[in-house]
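J.: 3D model of this:
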Amino acid sequence: MTTVRHFDSFTSARTNLRLVLDAARAGLVTTVTRDKERFVVMTAEALGAQLRRLVPSMAVVVAEGGGWAAFIPGLPAHGDADTFDRAVDDLIAALREYADDWNERLHAAPNHAQHRSLVELVELSDDGQLRHWLLTDHAPAGMVGAPAHA
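T.: Next up is the predicted model:
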């Protein structure tokens, strides 16, 4: 039996919403077309896992002035604390604040628009998943990036 997974109109997707969601849940590439623009439908869990695997964190955690600093180069979010773990926790909180700000207004700013994947990753991850992502080197082979931590 062939699963319907491409819906050529909003009306078709709305009428068959259960099929749209079932196909996405099954892990199939599922699309909805509206006004000649195609949208992909997938579970938040699947997208979050994919982003955590494919997007290198490039996080840096360094001892600094008797404490620790955690940051991602090029991103206006950082964490500072007296311990390594608290600095990472502070960075996670800063990433969540950045994601909120990005969705509220920064998504339209040219110097922030490229951070959509990062914002999706933050929003689709719990703190444990973010911590693991931040502290694991996910750089593809041959790609040189900042160390995950010092």
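J.: where in this structure is pLDDT low?
T.: 1-2, 137-150 (pLDDT under 70).
J.: Domain-wise, how is the chain divided?
T.: Under the assignment automatic domain parsing, the domains of the chain span 6-42, 47-135.
J.: Mind putting these into TSV with mean neighbour count?
T.: Every C-beta, even on glycine, is put in place using the N, C-alpha and C of the backbone. Shown next, in TSV, are the domains of the chain (neighbours: other CB atoms under 10 Å):
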stretch	mean neighbour count
domain 6-42	14
domain 47-135	16
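J.: what about the strands in this protein?
T.: For the chain, the strands defined by DSSP state E occupy 6-7, 30-34, 37-41, 60-64, 67-71, 78-81.
J.: Pull up the pairing partners for the second one, direction included.
T.: In this case it means strand 30-34. Sheet pairing of strand 30-34 (DSSP bridges) gives strand 6-7 (parallel), strand 37-41 (antiparallel).
J.: Go ahead and name everything in contact with the last one.
T.: Just to be clear, that refers to strand 37-41. 20-21, 23-24, 29-33 (CB atoms under 8 Å, 6 or more residues apart in numbering).
J.: Which of those residues sits closest to D85?
T.: D85 lies nearest to A24 out of these, by CB to CB, at 36.1 Å.
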